[in-house]
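Peer 1: Structure for this input, please:
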Amino acid sequence: MTEQHYEIVIVGGGAAGIAAAARLAKELPAGSIAIIEPSADHYYQSLWTLVGAGVFPKEASQKDTAMLIPKDCDWIRDAVTNFDPEKSKLSTKQSGKFSYEYLIITVGLQINWTDIKGLSRNLGKKGICSNYSYKSVESTWENIRNLSKGTALFSQPASPIKGDGAPQEITYLAEDYFRLSGQTNQINVKFFSGMPDIFPVKKYAEKLNSLCDQRGIQKTFLHDLVEVDADNKVAIFKDLDSNELNSVEYDFLHVTPKMGPPDFIKKSLLSTEAGWVDVDKDTMQHNHFDNVFSCGDCSSLPTSKTAAAIRAQVPIMVRNILSARDGLPLVDYYNGYTSCSIVTGYGRSMLAEFDYDLSLRETLPFDQSTERMSMYILKKYIMPKLYWHGMLKGRF
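Peer 2: Numbers count the residues shown, from 1 in each chain. Model prediction:
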């Protein structure tokens, strides 16, 4: 098979890959850019929290990848198997080899369902659900609305995840539904997290801890879910302080699975020891191969893995690629900005914005740690439109 050459090859056609392609396509000749992406479906995953709470059908989060590929870019519907960055080449499963002038890696996170024993074979059954899969997200709402008494248990792993606030959001929405349905006294809501606190930024953490206390949500930290005994409805957590295993009974269990860098990235010359694409945190240029760039969830950028972070990263990365292409120094720098909408109930939400140093980067003229209807409207109605018609079109 003949080797194909493009000026820019983008590996990954998710939020970051499509947004980067849309911006670059405005600057480069037609046919200069290839996007390698195996999936025919593209999901706005930020909406899955509201799908799991019964607000939207899951179909509202999906579009065909073919509709989103920017004009004048070539879509290679295939998967990368190997990188050879020393020769500026890569290999795919079915389409052969590709060479490039510049490589962009935006493949997102790999969800490791099997890292929690007993989870994958019982997902969507026996009271076990998760918002982190298009196939299982509807089972979350089914379990919430059908639970009349007992324990509703929600987990967050110790590993990095996409959408830091999502495990909490579905906890708050479920508790709100139970309360609005008059079932507060019949259902115990428990949130177990492998993280040391409820949120990394002190201002938001204080408000969220207070919210949990006011609403009777029991929270336990530094406890990582390692096994699910679905037949007996028991979740087994590892205490990260003592390494002891603790069993917790449940009637309904929402699991946030463990996640990490994709295996084909981890085994390549492009990764850090931990498996992330090894890039400079300011410029998003690879630390060893100057013609490689990466942003988004698969990169080593030490910030939260959210669509809002990608929205901030992509324009800077693209400008730096264009500067490198023109032989100019890279002068655009990313400060780690990320944003996390935290829905706290039906019609209420907070908006967290911060940077690498966990310093506040709030953009609105009020206290964003306060629950507001306006922030819920932003999450429910405005952000999806900005995603589909702005960010993925290279406009936002």
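Peer 1: Which parts of the chain belong to which domain?
Peer 2: Residue ranges for each domain of the chain read 4-109+261-333, 112-259, as given by automatic domain parsing.
Peer 1: where exactly do the helices run in this structure?
Peer 2: With DSSP state H as the definition, the chain shows helices at residue ranges 15-25, 48-52, 65-68, 137-146, 166-180, 202-215, 263-266, 307-325, 373-377, 383-389.
Peer 1: May I see the buried residues of the fourth one?
Peer 2: It stands for helix 137-146. Buried residues in helix 137-146, defined by neighbour count with 16 or more other C-beta atoms under 10 Å: 137-141, 143-144. Every C-beta, even on glycine, is put in place using the N, C-alpha and C of the backbone.
Peer 1: Buried by neighbour count: which residues of stretch 57-71 qualify?
Peer 2: 58, 61, 65, 68-70.
Peer 1: Put the alpha carbons of that stretch into CSV.
Peer 2: C-alpha atoms of stretch 57-71 as CSV (Å, rounded to 0.1, in the frame of the first residue of the first chain):
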residue,chain,number,x,y,z
PRO,A,57,-32.8,11.8,25.4
LYS,A,58,-29.4,10.4,24.6
GLU,A,59,-29.8,11.1,20.9
ALA,A,60,-29.5,14.8,21.6
SER,A,61,-25.8,14.2,22.4
GLN,A,62,-24.9,12.4,19.1
LYS,A,63,-24.1,13.5,15.5
ASP,A,64,-22.5,11.7,12.6
THR,A,65,-18.7,12.3,12.4
ALA,A,66,-19.1,12.8,8.7
MET,A,67,-21.2,15.9,9.3
LEU,A,68,-18.5,17.5,11.4
ILE,A,69,-15.4,16.9,9.4
PRO,A,70,-14.4,20.4,8.1
LYS,A,71,-14.6,21.1,4.4
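Peer 1: quick one: contacts of that stretch?
Peer 2: 13, 18, 21-22, 25, 33, 35, 37, 39-45, 47-48, 51, 75, 77, 134, 137-138, 384, 388, 392-394 (C-beta atoms under 8 Å, 6 or more residues apart in numbering).
Peer 1: What's the mean pLDDT across that stretch?
Peer 2: Averaged over stretch 57-71, pLDDT sits at 97.
Peer 1: Just give me how far it sits from the chain centre.
Peer 2: Distance, stretch centre to chain centre, for stretch 57-71: 17 Å (C-alpha atoms, centre = their mean, to the nearest Å).
Peer 1: same question, stretch 184-191
Peer 2: Stretch 184-191 has its average C-alpha position 27 Å from the chain's average C-alpha position, going by C-alpha atoms, centre = their mean.
Peer 1: likewise stretch 250-263?
Peer 2: With C-alpha atoms, centre = their mean, you get 13 Å for stretch 250-263.
Peer 1: still on that earlier bit, could you dump the buried residues of helix 137-146 into a markdown table with pLDDT and distance to residue 3 added?
Peer 2: A markdown table is the format used below for the buried residues of helix 137-146 (pLDDT from 0 to 100; distance: C-beta to C-beta, whole Å):
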| residue | pLDDT | distance to residue 3 |
| --- | --- | --- |
| 137 | 97 | 40 |
| 138 | 96 | 44 |
| 139 | 96 | 45 |
| 140 | 98 | 45 |
| 141 | 98 | 48 |
| 143 | 96 | 50 |
| 144 | 97 | 52 |
